[in-house]
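K.L.:
the sequence and its predicted three-dimensional model are supplied below.
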Amino acid sequence: MTNYTRNIVRTTESLAARTLIKGATVLSMDDDIGNLVSADILIEGSTIIAIGENLEASDAVIIDAAGMIAMPGMVDSHRHSWEGQLRRINPNATCLEDYSNATHFSFAKYYRPADNYIGNLLTALGCIDAGITTVIDNSHNSRTAEHSDAAVEALFDSGIRAVHASGAPVAGEWDKAHWPANWQRLQEKYFKNNPDSLVSLAVMAQLEPELWAEARRLGLPIVTEFFGSFMASELESLHQRGLLGPDNIFNHCTSLPDEGWKILSEAGVRVNVCPRSDAHYGIEDGMYAIEAAQRHGIAPGLSVDNETSYSTDMFMEMRVAFYLQRVMGMHQQHTCGSKKALTTLPAAQLLKSATVDGAYCAGLQDKIGSLTPGKQADLILINANDINLYPSGNAFGTVVHATERSNIDTVMIAGRIVKQNGQVLGVDSERLRAAIDESRAHLFAASGYQPDIFADVFLPLE
């Protein structure tokens with residue numbers, strides 16, 4: 001399957017002219033709208049028109065949301081989507097080298113465009129199923145122009161909202177002649193004359209001013225894997241030269257000294273943090289950096305990072321964030337005598353990180369992130385009558401501390417329903433699984449990997 005056929009997902013319904021969601025408990029994440037015990041949401045085309053009680057729209061398609069919680073779709077601020085078919089292949093990884101052994105240093109080198117396509121498609125559909133309506137796709141396996149095309153087309157086909165950040169491979173042979181000219185080619189082929197596209201373009205680059213200059217010539221955001229204690233020494237020079245700005249998106253930001261945070265804050269750099277990834281792979285001190293970011297006036301988004309060791313679930317990301325912050329804050333107070341240590345992240349604040357702050361990280365805060373009239377209708381409906389959620393003693397607590405993917409009844413992106421009655425729509429499951437299985441068989445054979453679904457460790461292949 002060197003080539004790929006775009007026949008796995010089909011759009012099942014035309015966009016309704018008007019949709020009226022009736023009787024939901026609304027967590028708008030908008031300070032002006034507030035939270036409503038029972039309210040209606042009127043949508044016209046792709047846009048939220050009104051939120052309130054007893055709205056009337058005789059010509060609208062009605063969604064009965066009694067007993068449901070309506071909230072904005074969540075934003076995953078950093079995901080390596082091309083790795084979708086490698087899910088949980090390395091569950092006991094303890095460091096970044098372990099992660100790389102099961103991705104960059106092995107399978108990534110043998111990816112065909114078809115493998116990029118199915119990896120991205122599977123990741124995007126998993127996001128939709130889990131209530132993630134927007135993803136920043138960190139595509140650091142753009143081995144050829146055709147690989148990049150495949151990744152972008154998968155995002156289009158899935159129906160997700162995405163920022164595709166095209167990045168160079170980390171290992172193996174690849175077509176260096178197309179780099180970084182590929183960015184302009186992608187822009188002209190897919191995005192230049194497509195202003196209403198759900199997918200937009202960014203770039204991946206490390207602290208490489210020459211690549212940043214090319215990205216800025218094209219007007220593209222710049223995504224960087226930023227590990228604070230290792231890279232902090234370069235920030236002062238970059239800042240003095242005027243090379244840091246709001247078009248920078250920094251992932252991780254672990255163990256960054258206060259001086260570095262001050263620079264990021266002053267420059268307006270956007271940040272996302274990775275509760276599970278930083279802990280799972282023991283990145284620097286293993287603790288995600290939300291407290292330091294917030295102390296310096298930065299509200300970071302949350303990110304899943306990858307699925308090679310754990311799930312696509314943003315609910316679990318919020319829960320891990322809560323408990324890591326809780327135990328570390330208590331440790332600092334009890335052991336270190338710190339009176340300023342943050343010991344609790346309230347559920348509402350964590351949900352803001354997964355929605356509003358993620359939208360800001362993606363540069364889409366004017367379009368998504370809250371249920372606000374005038375914004376795009378990216379939202380989810382959670383069935384609070386499900387046996388694991390009922391009764392809902394606190395709406396934010398129900399979402400953050402108890403909700404699972406299976407509780408999501410409906411997902412809407414730009415006014416179009418993409419999950420309904422608990423099922424992602426338009427997916428040919430047999431074709432999807434066949435394409436995944438073919439991709440995995442190719443990657444395993446090409447890399448010499450012998451699958452062992454009970455293995456404790458993923459051993460280096462070379």
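P.N.:
Received the coordinates, thanks.

K.L.:
alpha carbons only for contacts and neighbour counts from here, please
P.N.:
Noted.

K.L.:
now the element after the longest helix along the chain, going C-ward?
P.N.:
Secondary structure of the chain per DSSP state H: the longest helix is helix 314-336. Counting by DSSP states H and E, the next helix or strand C-terminal to helix 314-336 is helix 347-354.

K.L.:
how much distance is there from that following helix to the middle of the chain?
P.N.:
Here the centre of helix 347-354 is set off from its chain's centre by 15 Å, with Cα atoms, centre = their mean, to the nearest Å.

K.L.:
so for it, mean pLDDT?
P.N.:
Mean pLDDT, helix 347-354: 98.

K.L.:
give me the helices and strands touching it, please.
P.N.:
The contact analysis (3 or more Cα pairs under 8 Å, 6 or more residues apart in numbering; DSSP states H and E) places helix 347-354 against strand 74-79, strand 301-302, helix 314-336, helix 395-401.

K.L.:
dump those into TSV; add mean neighbour count as well.
P.N.:
As requested, the helices and strands packed on helix 347-354 are exported to TSV (neighbours: other Cα atoms under 10 Å):
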stretch	mean neighbour count
strand 74-79	31
strand 301-302	32
helix 314-336	18
helix 395-401	19
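
K.L.:
nearest to residue 420, of the ones you listed?
P.N.:
Nearest to residue 420 among the helices and strands packed on helix 347-354 is strand 74-79 (16.7 Å), distances taken as Cα to Cα.

K.L.:
what sits up against that closest one?
P.N.:
131-138, 251, 272, 301-306, 314, 354-355, 358-359, 361-362, 369 (Cα atoms under 8 Å, 6 or more residues apart in numbering).

K.L.:
at 7 Å what do you get?
P.N.:
131-138, 272, 301-306, 354-355, 358-359, 361-362 (Cα atoms under 7 Å, 6 or more residues apart in numbering).

K.L.:
same question, stretch 6-18
P.N.:
With Cα under 7 Å, 6+ apart, stretch 6-18 has contacts from 43-45, 60-61, 157-158, 415-416, 425-428, 431-432.

K.L.:
list the buried residues for it?
P.N.:
8-9, 18 (16 or more other Cα atoms under 10 Å).

K.L.:
for it, what is the distance to the chain centroid?
P.N.:
22 Å.

K.L.:
repeat for stretch 292-308
P.N.:
The chain centre lies 11 Å from the centre of stretch 292-308; the measure is Cα atoms, centre = their mean.

K.L.:
end-to-end on that stretch?
P.N.:
Start and end residues of stretch 292-308 are separated by 28 Å (Cα to Cα, to the nearest Å).

K.L.:
and that stretch, what's buried?
P.N.:
Buried residues in stretch 292-308 (16+ other Cα under 10 Å): 292-293, 298-308.

K.L.:
what's that stretch in contact with?
P.N.:
So stretch 292-308 is in contact with 76-80, 84, 86-91, 261-262, 265, 271-274, 277, 290, 312, 314, 317, 353-354, 357-358, 361, going by Cα under 7 Å, 6+ apart.

K.L.:
mean confidence for it?
P.N.:
97.

K.L.:
count of residues packed around residue 237?
P.N.:
Using other Cα atoms under 10 Å, residue 237 is surrounded by 11 other residues.

K.L.:
sorry, back to before: which ones among the contacts of strand 74-79 map onto helices?
P.N.:
Of the positions in these, 354, 358-359, 361 sit in helices, assigned by DSSP H.

K.L.:
can I get those residues in a markdown table including neighbour count?
P.N.:
As requested, the ones in helices among the contacts of strand 74-79 are exported to a markdown table (neighbours: other Cα under 10 Å):
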| residue | neighbour count |
| --- | --- |
| 354 | 28 |
| 358 | 32 |
| 359 | 28 |
| 361 | 29 |
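
K.L.:
how far away is the residue positioned nearest the centre of the chain from residue 165?
P.N.:
Ranked by distance to the mean C-alpha position of the chain (Cα atoms, centre = their mean), the top residue is residue 76 at 1.9 Å. Residue 76 sits 13 Å away from residue 165, taking Cα to Cα as the criterion.

K.L.:
what residues sit buried inside stretch 268-285?
P.N.:
268-281, 283-284.

K.L.:
tell me which stretches of the stretch 1-150 of the chain form strands.
P.N.:
18-27, 35-44, 47-52, 61-64, 68-72, 74-79, 132-139 (DSSP state E, counting those that start in this stretch).

K.L.:
give the contact list for residue 25.
P.N.:
So residue 25 contacts 36-39, 68-70 (Cα under 7 Å, 6+ apart).

K.L.:
roughly how far apart are it and residue 331?
P.N.:
From residue 25 to residue 331 the distance is 37 Å (Cα to Cα).

K.L.:
next one: residue 229
P.N.:
22 Å.

K.L.:
hmm, back to that, determine which two of the buried residues of stretch 292-308 are furthest apart.
P.N.:
Maximum distance among the buried residues of stretch 292-308 (Cα to Cα): 28.8 Å, for 298 and 308.

K.L.:
is it possible to get JSON lines of the buried residues of stretch 292-308 that adds distance to residue 256?
P.N.:
Output for the buried residues of stretch 292-308, formatted as JSON lines (distance: Cα to Cα, whole Å):
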{"residue": "292", "distance to residue 256": "8"}
{"residue": "293", "distance to residue 256": "9"}
{"residue": "298", "distance to residue 256": "13"}
{"residue": "299", "distance to residue 256": "15"}
{"residue": "300", "distance to residue 256": "14"}
{"residue": "301", "distance to residue 256": "17"}
{"residue": "302", "distance to residue 256": "17"}
{"residue": "303", "distance to residue 256": "18"}
{"residue": "304", "distance to residue 256": "20"}
{"residue": "305", "distance to residue 256": "19"}
{"residue": "306", "distance to residue 256": "22"}
{"residue": "307", "distance to residue 256": "25"}
{"residue": "308", "distance to residue 256": "26"}
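
K.L.:
ok, the residues you listed vs residue 175, which is closest?
P.N.:
residue 306 (24.4 Å).

K.L.:
what's the closest of the ones in helices among the contacts of strand 74-79 to residue 210?
P.N.:
residue 361 (23.0 Å).
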